[in-house]
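Engineer: below is the sequence, then the predicted model.
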Amino acid sequence: MKLTIYISMACVGTWGLLSAALPDYVKEIFLGMVIPWSISLISIVKTRSVYNLNPEKLIKHMTTAMLIKMMSYGLLLIIIFNFISFNPLPFIISFTGYFLALHIIEAFTLRFIIKQKPI
């Protein structure tokens, strides 16, 4: 629970700082942050609960989660690019930065969870 709060604080804080530095691109930076942020939080919470309930099902869960994430990202990007008018370059830079940072955090979180309670 604390981790989700820290991740949220980091995402909103960096969005605020970037928005103050680049006021013309507030919407693009926000859209680039909110998609990876929300999917990452859902993934971390769900992975932790699956591992705590039944560690043997973790691999199946991770495979399913990866497929769902790929479809979600694709669908959300198609929706955003087709129905919202904005400058795509700041969005892509913001999305890529948050996507990479949050996936690294997810990887370290998974490693920490498994080290805490080995299978």
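Structural biologist: Noted; the coordinates are in hand. Source: prediction; values computed, not measured. Residues are numbered from 1 along each chain as shown.
Engineer: make it CA atoms for all contacts and neighbour counts henceforth
Structural biologist: Noted.
Engineer: element containing residue 29?
Structural biologist: Using DSSP states H and E, residue 29 maps to helix 26-53.
Engineer: give me the mean pLDDT for that helix.
Structural biologist: Helix 26-53 carries an average pLDDT of 93.
Engineer: return the set of buried residues in it.
Structural biologist: 26-37, 39-41, 43-44, 47-48, 50-51 (16 or more other CA atoms under 10 Å).
Engineer: which parts of the next helix or strand after that helix are buried?
Structural biologist: Per DSSP H and E, the first helix or strand lying C-terminal to helix 26-53 is helix 58-83. The neighbour-count check on helix 58-83 (16+ other CA under 10 Å) flags 58, 61, 69 as buried.
Engineer: tabulate the CA atom coordinates of the helix or strand hosting residue 13 in CSV.
Structural biologist: Residue 13 is part of helix 2-21 when elements are defined by DSSP H and E. Output of helix 2-21 as CSV, limited to C-alpha atoms (Å, rounded to 0.1, in the frame of the first residue of the first chain):
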residue,chain,number,x,y,z
LYS,A,2,2.8,2.4,0.9
LEU,A,3,4.5,1.6,-2.4
THR,A,4,1.4,2.7,-4.4
ILE,A,5,1.3,6.0,-2.5
TYR,A,6,5.0,6.6,-3.1
ILE,A,7,4.7,5.8,-6.8
SER,A,8,1.7,8.1,-7.1
MET,A,9,3.5,10.9,-5.3
ALA,A,10,6.5,10.5,-7.6
CYS,A,11,4.4,10.5,-10.7
VAL,A,12,2.3,13.5,-9.7
GLY,A,13,5.3,15.3,-8.4
THR,A,14,7.3,14.9,-11.6
TRP,A,15,4.3,15.8,-13.7
GLY,A,16,4.0,19.0,-11.6
LEU,A,17,7.6,19.9,-12.0
LEU,A,18,7.6,19.1,-15.8
SER,A,19,4.4,21.1,-16.2
ALA,A,20,5.9,24.1,-14.4
ALA,A,21,9.0,23.9,-16.6
